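S.K.: 3D, please:
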Amino acid sequence: MHYGVVWCCNVSSAFLTIGADHFKGGRSTRMVIAGWIILSLLALFLIGASATPKLLRLDVANKPMDALGFDRRWVVPIGILEVLLALGVLVPQTAPFSGILMMGLLGGAIAAQLRINAPLLSHTLFGVYLGVAMWIGICLRDPRVFEVFINKW
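M.R.: Modelled structure (predicted):
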């Protein structure tokens, strides 16, 4: 039994605290479940709130694209990309690669918001919030990914 090591992550104002005595083979069941919950909520949000309006070509998707200066012909391809990457993050074997590609998509969204001087905390940094939540979920679900980050520092 190991004392003193506690993993904490803030998920929608609920704290998940997992003690080190729950580890079995480098990960605990609670960590894996927490990772699945975070990634499922992220995928549900990306597919339901972001990609679906784009795929249905709703005004709620077209107006922001107009404000950002994008041609409307890119609305559906971006929606398809969001769905594919959200599903890719859910598959454990493809999650790290899909996560990297998702960060590229979110980085483009951040750059587009910066370009029009959108509000910082609510609009511009929203992609950062999603990216951090995604990587926390991926790392909780598979500690080998977390070790890659730690070993590179």
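S.K.: how about Ala118, phi and psi?
M.R.: The phi and psi values for Ala118, taken as degrees, to the nearest 10, are phi -70, psi 160.
S.K.: just how off-centre is stretch 77-86 within its chain?
M.R.: Its chain's average C-alpha position is 13 Å from that of stretch 77-86, according to C-alpha atoms, centre = their mean, to the nearest Å.
S.K.: any buried residues in that stretch, and which?
M.R.: By neighbour count with 16 or more other C-beta atoms under 10 Å, stretch 77-86 contains the buried residues Ile78, Gly79, Leu81, Glu82, Val83, Leu85, Ala86. To be clear about C-beta, it is placed using only N, CA and C from the backbone, and glycine gets the same treatment.
S.K.: over to stretch 56-66?
M.R.: Using 16+ other C-beta under 10 Å as the burial criterion, the residues of stretch 56-66 that qualify are Ala61, Pro64, Met65.
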